[in-house]
Structure formats: structure tokens, C-alpha cells
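*Asks:* Here's my sequence, what's the structure:
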Amino acid sequence: MSTNHSPLTKVKNSKIWLGATALFGALLASSCCLPALAFLLFGSSFGFLSIFEPLYKFRWILTIISILCFILFVKFRYFTSCKDKSCEIKKTSKGEIFSVIILGISLIFILFYPEILGVLYEIFS
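*Replies:* Below is the predicted model:
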């Protein structure tokens with residue numbers, strides 16, 4: 001039994017992996033701040049989440065990797081190869097564009113929620 005995978009399948013899977021890597025990197029980048037957020041939300045201690053504290057020194061590196069993976073995901077997913085200095089946008093449905101916008105907004109929120117909550121705390125206190 002042969003399991004022939006077309007090159008098109010491999011390209012589609014790599015696009016999905018770029019999106020998943022962007023979200024995973026965002027979660028890793030913001031995981032150092034989870035204990036403080038859990039304390040604010042639930043009012044109790046989440047000491048077991050402190051294992052993510054050493055990731056704080058890699059936060060900005062992981063943030064850059066996440067944003068770069070998301071940009072590459074959008075580029076490979078929605079733009080065809082640029083030939084003769086002209087890039088064509090692939091035709092997509094409105095629902096798919098809406099999904100990518102929601103993914104981008106959630107990625108930004110996951111990456112920068114400590115800063116966002118800090119600003120909101122200063123405004124409302």
C-alpha cells in the first residue's frame with residue numbers, strides 16, 4: 001500500500017504549522033506571566049505555574065518568533081509567488097479573512113496581555 005502525498009498537501013500542512021507555531025510561541029512568550037494573571041482573576045495562588053518563570057528572559061525572543069511565524073503564515077497562505085515584481089492575492093472567502101483577523105487579534109492579545117492589563121490597571125485605579 002503506497003502512501004503517496006502530493007507536494008500540494010505538504011505545502012498546505014506547512015502553512016498550518018506556521019499558524020500553529022505562531023500561537024504556540026505566543027503562549028510560551030506569555031506563560032511567564034500566568035501566575036500573576038491567575039491570581040488577579042481567581043484571587044488564589046497558582047504556585048504550580050511558577051515553573052514557567054524562567055521563560056521570562058526569553059519572552060521578547062519568543063514574541064518576535066510568534067509574530068514572524070504569523071506573518072509568514074499570512075504570506076504563504078494568501079499570496080502567490082511574486083513574479084516580475086507583482087504579487088497576486090489569492091481569492092479567499094470573507095469568513096476565512098475574518099478567521100485570520102480574529103487569529104491575529106488573539107495572537108496580539110496573548111502576546112501583550114500583561115502590558116494591556118497594566119495599562120488598564122493604571123487607568124481604572
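*Asks:* And the helices in this structure?
*Replies:* Counting by DSSP state H, one finds helices in the chain at the ranges 7-30, 34-42, 59-78, 94-124.
*Asks:* Residue 53 is nearest to which of those helices?
*Replies:* helix 34-42 (7.6 Å; C-beta to C-beta). Heads up, the C-betas are built off the backbone N, CA and C, glycines and all.
*Asks:* Residue 73 and residue 118: what is the separation?
*Replies:* Distance, residue 73 to residue 118, using C-beta to C-beta, to the nearest Å: 28 Å.
*Asks:* Settle it for me: which of these two has more neighbours?
*Replies:* residue 73 (24 against 11; other C-beta atoms under 10 Å).
*Asks:* Would you check that the more buried one makes contact with residue 22?
*Replies:* Yes: between residue 73 and residue 22 there is a contact under C-beta atoms under 8 Å: 6.0 Å.
*Asks:* circling back to that earlier point, can you tell me which of the helices of the chain is most buried?
*Replies:* helix 59-78 (a mean of 17; mean count of other C-beta atoms under 10 Å).
*Asks:* what packs against that helix?
*Replies:* Secondary-structure packing of helix 59-78 (3 or more C-beta pairs under 8 Å, 6 or more residues apart in numbering; DSSP states H and E): helix 7-30, helix 94-124.
*Asks:* any residues touching it, and which ones?
*Replies:* 11, 14-15, 18-19, 21-26, 28-30, 32, 55, 89-90, 92, 100, 103-104, 107, 111 (C-beta atoms under 8 Å, 6 or more residues apart in numbering).
*Asks:* picking up where we left off before, considering the helices and strands packed on helix 59-78, which stretch scores lowest in mean pLDDT?
*Replies:* In terms of mean pLDDT, the lowest-scoring of the helices and strands packed on helix 59-78 is helix 7-30 (a mean of 71).
*Asks:* how close does residue 24 sit to residue 116?
*Replies:* Residue 24 is 20 Å from residue 116, where distance means C-beta to C-beta.
*Asks:* still on that earlier bit, can you put the helices and strands packed on helix 59-78 in TSV and add distance to residue 79?
*Replies:* Formatted as TSV, those follow (distance: least, C-beta to C-beta, whole Å):
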stretch	distance to residue 79
helix 7-30	11
helix 94-124	12
